[in-house]
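*Asks:* what follows is a predicted protein model with its sequence.
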Amino acid sequence: MVKLILGIFCCFLLLVPNSPVFSKDLSSKDIDRLTSKVANKFSRTYCNTLNFGISDKGAMEFALGETNKEFSKKNIMQYTDLKTISEKIVITVEDECQVYDFPVDQLSNLKLN
């Protein structure tokens, strides 16, 4: 009896079609979109903080903290390049805030992974 049930179970497993499982596909479009989101978030926070009258150093620390808090838990962040994000942040800050002496070296404190 046990052999019969085991045989039916094995035949069932062999005859049932199984579907392949694919890993999550990450496109460069998704990564570029996330890079833009991070840069926009940072620049908005930095510009707003500067407009409130906080010093450059304080605005940088606040923007770094807020951006780290929002994006550090996203799994896709491990596929992004911090150098690309830093370049995009500089461009965005120059466009939105008209700050052309932005301290790029302090962006190394941006820890998103």
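*Replies:* Perfect, thanks for sending it.
*Asks:* helix/strand/coil for the residue nearest the centre of the chain?
*Replies:* Nearest to the mean C-alpha position of the chain, by CA atoms, centre = their mean, lies Met77 at 3.4 Å. Met77 carries the three-state label helix when classified by DSSP: H, G, I helix; E, B strand; the rest coil.
*Asks:* what comes into contact with the host helix or strand of Asn68?
*Replies:* Assigned by DSSP states H and E, Asn68 belongs to helix 56-71. Contact with helix 56-71 is made by 34, 37-38, 41-42, 45-46, 49-50, 54, 77, 103, 106-107, 109-112, as judged by CB atoms under 8 Å, 6 or more residues apart in numbering. For the C-beta atoms, the positions are set from N, CA and C on the backbone; glycine is no exception.
*Asks:* mark which of the residues you listed are buried, thanks.
*Replies:* Leu34, Val38, Lys41, Phe42, Thr45, Tyr46, Thr49, Leu50, Met77, Leu107, Leu110, Leu112 (16 or more other CB atoms under 10 Å).
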